[in-house]
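**Q** okay, here's the prediction I keep looking at, along with the sequence it came from:
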Number of protein chains: 2
Amino acid sequence: MLDQKPADGTIGKALQVLDLVADFKRPVRFAELQEKSDFPKATLYRLVQSLTNQGMLTHDPDRMTYAPGVRLLRLAHAAWQQSSLARIAGRHLDKLAADVDETVHLAQLDNAQVLYIDKRVPKQPVEMYSQAGKVGPAYCTGVGKVMLAYQREAVLPQMIAQQSFHRFTDFTLTDETALRKELKAIRDRGYGFDREEHEPGIICIALPILSRGGRLYGALSVTSTTQRTDLTKLEKLVPQIRETAMKISDEAEAWRFPDPHGGE
Amino acid sequence: MLDQKPADGTIGKALQVLDLVADFKRPVRFAELQEKSDFPKATLYRLVQSLTNQGMLTHDPDRMTYAPGVRLLRLAHAAWQQSSLARIAGRHLDKLAADVDETVHLAQLDNAQVLYIDKRVPKQPVEMYSQAGKVGPAYCTGVGKVMLAYQREAVLPQMIAQQSFHRFTDFTLTDETALRKELKAIRDRGYGFDREEHEPGIICIALPILSRGGRLYGALSVTSTTQRTDLTKLEKLVPQIRETAMKISDEAEAWRFPDPHGGE
DNA sequence: ACGCAAGTTCCATTATTTGGAACAATGTTT
DNA sequence: AAACATTGTTCCAAATAATGGAACTTGCGT
């Protein structure tokens, strides 16, 4: 799927293995890993062992399977609390979802893919990790296209190169030319749509979350269905969404300047 | 605090750095890391660089700070979906919390510490990563002691050695002898208490989640306050909690045997 | 302009990783 | 029950990557 990494050093290799295990959606046996990986047996074995010792993988001795380890949860907790927008954005998402009465997504870009950081479904309790951490394609989702649109030109080519351009629906943009044109339109307009490009019947409107300096923090979207609404109606929500995005951005900005007298 | 790791290989060192960054609750500068770490400057620098390249850390060029990276969320998502009990346990926790109308915790052991996997507070929506991934001491919490009690004797000594035995309250067990005695009592009884050992006024009852074969999956607890209830009343909940634990265990067991005809 | 501190790069030395092949343990077929 | 097949684990000399002291660069305050 996606594995043309320069893989700098041992760390890169180890993380490659970690990803490999994570990509199986179930506990996986050593032989299965070996099959999917280019590493020679002994090397892979030692990588897996190291990761297991470190708690990044858990090993089930009975079934002889490996799975992502609990240590990742602890680290993700830390990531959640600071690096990502999530902590700051939480209450804003609550409000936005309640105001517009539609599903709201918060996403960031991770290695040319969309990584969903948070989600709100109106009148429905959130499930914890079941949504956050999910990944999706960038070229055919609202948040994905918006984030690509606000990427620096220098890094865009390699990001576009990583898109699969798989045709999910009749509306999916399936080549670079179409995507480039769409990104241009998004930049001009300041927001983007998903016109049933990923799933039939699912449409959305998405805005970037930008810093004062123009740096991209992430993206925000309101998703609905063609049965409930249409793009024209969604477009009317732009001011509300933009205001939410700006509030999140402002708080993120403030958060990154720690108290100058910050002791412990 | 806690850093006497054998640190096997480069992977261990890299993860040590990752932990270090995570332990700061805010974006951190290189010099701060250097101060807290034993690594020579150049070495630390390259470790941080590798981690950043790999997306395990994010680097803010403006502020010159590092923070845990978004890639961790993706990995944690995977961990959540399979390795941990959380996915399976979710609905059982819902039910238990509603039935007993008290706070319910689900925890696993991570490197001699308690790692909270999930939490339910009755009549209150859950927040996503804000709770899951949190860590706590093992020697003075209900879930922690229970999980220590069902640990194999061979690994216990080093786990106990890693406990700080800090006196949080008048009831905290502050030495190995007292803890050993308590663990014995828990094994005999099949469940454990927290008698305001970690926080004044907070009590809980905890049960292990064991496989048929006696392997420890994690622990389940019902927490309350001395104002609302007492240990005797909590003890009456044991059958309900045990039933929940068994259901979770059974499903976990079943889940680990993938469909024999498992194609994809 | 100067000094100071934080971040970054260099490179010979050192330690770790590598991977082919042998070995052990487990399960399956004849 | 014996031979076989499969999967997981260990060995060790060769190859590679990590190391860290010191030098270099950059940005800031005086």
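**A** That came through fine. Keep in mind the model is a prediction, meaning the values are calculated, not measured. Numbers count the residues shown, from 1 in each chain, chains lettered A, B, ... in the order given.

**Q** in stretch A:170-190, which of the residues would be classed as buried?
**A** A:172-174, A:179, A:182-183, A:186 (16 or more other C-beta atoms under 10 Å in any protein chain shown). Every C-beta, even on glycine, is put in place using the N, C-alpha and C of the backbone.

**Q** which residues are contacting that stretch?
**A** With contacts defined as C-beta atoms under 8 Å, 6 or more residues apart in numbering or on different chains, stretch A:170-190 is touched by A:139-140, A:145-146, A:148-150, A:160, A:163, A:165-167, A:192, A:195-198, A:207, A:238, A:242.

**Q** let's see 10 Å
**A** A:137-140, A:142, A:145-151, A:156-157, A:160-161, A:163-168, A:191-198, A:200, A:203, A:206-208, A:210, A:235, A:238, A:242 (C-beta atoms under 10 Å, 6 or more residues apart in numbering or on different chains).

**Q** and these, which are buried?
**A** With burial judged by 16+ other C-beta under 10 Å, the buried subset of these is A:137-140, A:142, A:145-151, A:156, A:160, A:163, A:168, A:191-198, A:203, A:206-208, A:210, A:242.

**Q** so which of those sit within strands?
**A** For the buried ones among the contacts of stretch A:170-190, the ones inside strands are A:192-195, A:203, A:206-208, A:210, with DSSP state E as the criterion.

**Q** what average pLDDT does stretch A:76-89 get?
**A** Here stretch A:76-89 scores 80 as its mean pLDDT.

**Q** oops, could you answer that again for stretch A:144-160 instead?
**A** The pLDDT scores in stretch A:144-160 average 91.

**Q** what about that stretch and chain B, touching?
**A** No - Stretch A:144-160 stays clear of chain B (C-beta under 10 Å from any C-beta of the partner chain), getting no nearer than 11.9 Å.

**Q** show me the shaky parts of chain A.
**A** Applying pLDDT under 70 to chain A flags the ranges A:1-7, A:83-84, A:123-131, A:255-264.

**Q** show me where it has helices.
**A** In chain A, the segments counted as helices under DSSP state H are A:9-23, A:30-36, A:41-53, A:71-81, A:86-100, A:128-131, A:142-149, A:156-161, A:176-189, A:231-235, A:238-256.

**Q** so what's residue A:115 up against?
**A** Contacts of residue A:115 by C-beta under 10 Å, 6+ apart are A:84, A:107-109, A:132-136, A:138, A:143-144, A:147, A:218, B:55, B:70-71, B:73-74, B:77.

**Q** measure residue A:18 to DNA strand C for me?
**A** The gap separating residue A:18 from DNA strand C is 14 Å, by C-beta to the nearest atom of the strand, to the nearest Å.

**Q** that residue: neighbour count?
**A** Residues lying near residue A:18 (other C-beta atoms under 10 Å in any protein chain shown) number 26.

**Q** is it true that it touches residue A:58?
**A** No - using C-beta atoms under 10 Å, residue A:18 makes no contact with residue A:58, being 12.0 Å away.

**Q** quick check: neighbours shared by the two?
**A** In contact with both residue A:18 and residue A:58: A:51, A:66, A:68-69, A:72, B:79, using C-beta under 10 Å, 6+ apart.

**Q** these, buried ones only, as a ChimeraX selection?
**A** The following ChimeraX line selects those of those that are buried, judged by 16+ other C-beta under 10 Å:
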select /A:51,66,68,69,72 /B:79
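
**Q** with respect to residue B:46, which of the shared contacts of residue A:18 and residue A:58 is nearest?
**A** Ranked by distance to residue B:46 (C-beta to C-beta), the shared contacts of residue A:18 and residue A:58 are led by residue A:51 at 20.0 Å.

**Q** just give the closest residue to the closest one, not the sequence neighbours.
**A** Using C-beta to C-beta, 6 or more residues apart in numbering or on different chains and skipping residues adjacent in sequence, the residue nearest residue A:51 is residue A:57, 4.4 Å away.

**Q** equivalent analysis for residue A:55, please.
**A** In space, residue A:55 is closest to residue A:71, 3.7 Å off (C-beta to C-beta, 6+ apart).
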